[in-house]
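# got a predicted structure plus its sequence, pasted below:
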Amino acid sequence: MEEIMVAPIIVFMVIVAPIWLVLHYRSKNQKESGISEQEHQRLVELKEIANGMIERIETLEKILDQETPGWRKKHEQE
């Protein structure tokens, strides 16, 4: 009876188990390599905030250019 079980166990350990482990960890790494939906949503929010800040800075620079034309040169000299 033991001799009948030895061959399938050896086949399983030599062929099936290594393939199974490789496929398992490959799929696990692929899942972990991407960002989660929550992280993606946060990145979108941060991008929107950054775009808003860029617009505000550009508006402030336009105002400063009109009111104080030499402010850039003055700032660079300091």
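Noted; the coordinates are in hand.

# can you list the domain ranges for the protein.
Domain assignment for the chain by automatic domain parsing gives 1-34, 35-70.

# now tabulate these in CSV and tack on mean pLDDT.
Below are the domains of the chain laid out as CSV (pLDDT from 0 to 100):
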stretch, mean pLDDT
domain 1-34, 82
domain 35-70, 93
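
# sec struct for the residue nearest in space to the middle of the chain, please.
Centroid-nearest residue in the chain, with Cα atoms, centre = their mean: residue 35, separated by 4.9 Å. With DSSP: H, G, I helix; E, B strand; the rest coil as the basis, residue 35 sits in coil.

# next, it: phi, psi?
phi -90, psi 150 (degrees, to the nearest 10).

# for it, give me its contacts.
By Cβ atoms under 8 Å, 6 or more residues apart in numbering, the contact list for residue 35 reads residue 43. No exception for glycine: its C-beta is placed from N, CA and C like everyone else's.

# would you map the helices across the protein?
Under the criterion DSSP state H, the chain contains helices at 2-11, 17-33, 37-67, 71-77.
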